[in-house]
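Chemist: Quick one: sequence plus predicted model below, questions after.
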Amino acid sequence: MSSRSGPDSAAEVVRWAAFSCVLVPVVLLWHGTSPAGAAGTALGLASVTAVCGLLLRQSERGAARLLAEEHAPHRGRHQRTGSGAHRGERSGGRPGGRPGGRTGGRSDGPGNTPVG
């Protein structure tokens, strides 16, 4: 198996697994295992190979879909922005662009007590 991760990587893995599904029972028979035991092993390996192949293909489709979504332009008015900015906010994450959150005017709360 090569070290590339191209579009045929899942097919290559499944191909090697299918080769193993044939090779392992032959080796088992060669070393004296019963034909029923070798056949059972072959069926088990074939079922695991089939499930893994399906999962690999599903994973590749999902990765391709995510890659396509990253490169596609965003459409619609209700898309979230990555920076966390919301409508009406300028800087510091508070309305009005002031870091303290005060937008002018008078407040009777603590910290804005008139002196004198």
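Modeler: Received it, and whenever you're ready, just let me know what you need.
Chemist: This structure: strands as residue ranges?
Modeler: Remark: strands assigned in the chain by DSSP state E are 89-91, 94-95.
Chemist: What's the local residue count around the closest residue to C52 other than its chain neighbours?
Modeler: In this structure, C52 finds its nearest non-sequential neighbour in A17, 6.7 Å apart by C-beta to C-beta, 6 or more residues apart in numbering. (C-beta placed from N, C-alpha, C; glycine too.) The burial count assigned to A17 is 17, neighbours taken as other C-beta atoms under 10 Å.
Chemist: what about A17, distance to G40?
Modeler: Using C-beta to C-beta, to the nearest Å, we find A17 at a distance of 17 Å from G40.
Chemist: which non-adjacent residue is nearest V22?
Modeler: Leaving aside its sequence neighbours, V22 sits nearest to A42 (C-beta to C-beta, 6+ apart; 7.6 Å).
Chemist: Isn't the one you found up against C21?
Modeler: Yes. A42 lies in contact with C21 (C-beta atoms under 8 Å); the separation is 5.9 Å.
Chemist: tell me the pLDDT at C21?
Modeler: Confidence at C21, expressed as pLDDT, is 90.
Chemist: and what of G101?
Modeler: 52.
Chemist: One more: R90?
Modeler: pLDDT recorded at R90 is 56.
Chemist: swap in R106?
Modeler: On pLDDT, R106 comes in at 57.
Chemist: And for A38?
Modeler: Here the pLDDT value assigned to A38 is 94.
Chemist: now P35
Modeler: The model's pLDDT for P35 equals 94.
Chemist: my guess is the residue nearest to C52 contacts T49, does it?
Modeler: Yes. The criterion here is C-beta under 8 Å, and A17 meets it with T49 at 4.2 Å.
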